[in-house]
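1. predicted structure and sequence below. I'll ask about it afterward.
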Amino acid sequence: MIQLIDQALLAEVSAEAQAAPRRRKNRNFHPRDDYPGHRLLNAIEPDSYVMPHRHLDPDKDETILCLRGKLGILVFSSNGAVHRSSVLAAGGETLGVDIPHGVFHSVVALEAGTVFFEAKAGPYLPLSPEEKAPWAPLEGGSEAADYLAALRANFS
């Protein structure tokens with residue numbers, strides 16, 4: 001059965017993100033975590049912190065397309081300096097990004113109701129310690145809100 005990705009679906013997953021404690025929500029199109037190809041919607045609110053990370057598996061390049069709202073993409077050097085920041089906007093000049101494996105990156109929602117499509121290889125595995133940025137605060141940590149504000153400042 002096909003699944004249409006329409007404005008109603010984007011609104012639904014966005015409402016779920018707004019109600020979620022982490023202020024983001026996935027809607028998976030792949031049938032299970034061990035499936036070889038992961039395709040999903042990711043709704044994210046401006047106060048959701050995504051810890052900078054990388055995917056070390058050479059099969060886990062990641063593609064992101066902004067479908068609703070505005071999304072800030074940050075790419076970091078190995079010491080934590082912001083190497084590049086870009087704005088993805090639904091209907092804008094730049095819609096998406098392809099991030100090679102091994103590159104430290106994060107995203108920040110620049111508008112409420114932001115939703116992006118993400119594709120990368122499965123299976124889903126939690127990030128290993130080597131994949132988490134050692135210079136960034138952990139999600140839920142006491143320094144995360146201030147760090148998120150600093151990340152967002154790259155787009156003001």
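-> Yep, that arrived. Keep in mind the model is a prediction, meaning the values are calculated, not measured.
2. so which strand or helix has the residue most central in space within the chain?
-> By C-alpha atoms, centre = their mean, the chain has its centre lying nearest to residue 107, at 4.8 Å. Using DSSP states H and E, residue 107 maps to strand 105-109.
3. pLDDT of that strand, averaged?
-> Average pLDDT, strand 105-109: 98.
4. what does stretch 123-135 give?
-> Mean pLDDT, computed over stretch 123-135, is 96.
5. buried sites along that stretch?
-> Buried residues in stretch 123-135, counted by 16 or more other C-beta atoms under 10 Å: 131, 132, 133. Every C-beta, even on glycine, is put in place using the N, C-alpha and C of the backbone.
6. and if you look at stretch 104-116?
-> The neighbour-count check on stretch 104-116 (16+ other C-beta under 10 Å) flags 104, 105, 106, 107, 108, 109, 110, 113, 114, 115, 116 as buried.
7. how about the secondary structure of residue 14?
-> What DSSP: H, G, I helix; E, B strand; the rest coil gives for residue 14 is helix.
8. I meant to write residue 17 there.
-> Applying three-state DSSP: residue 17 is helix.
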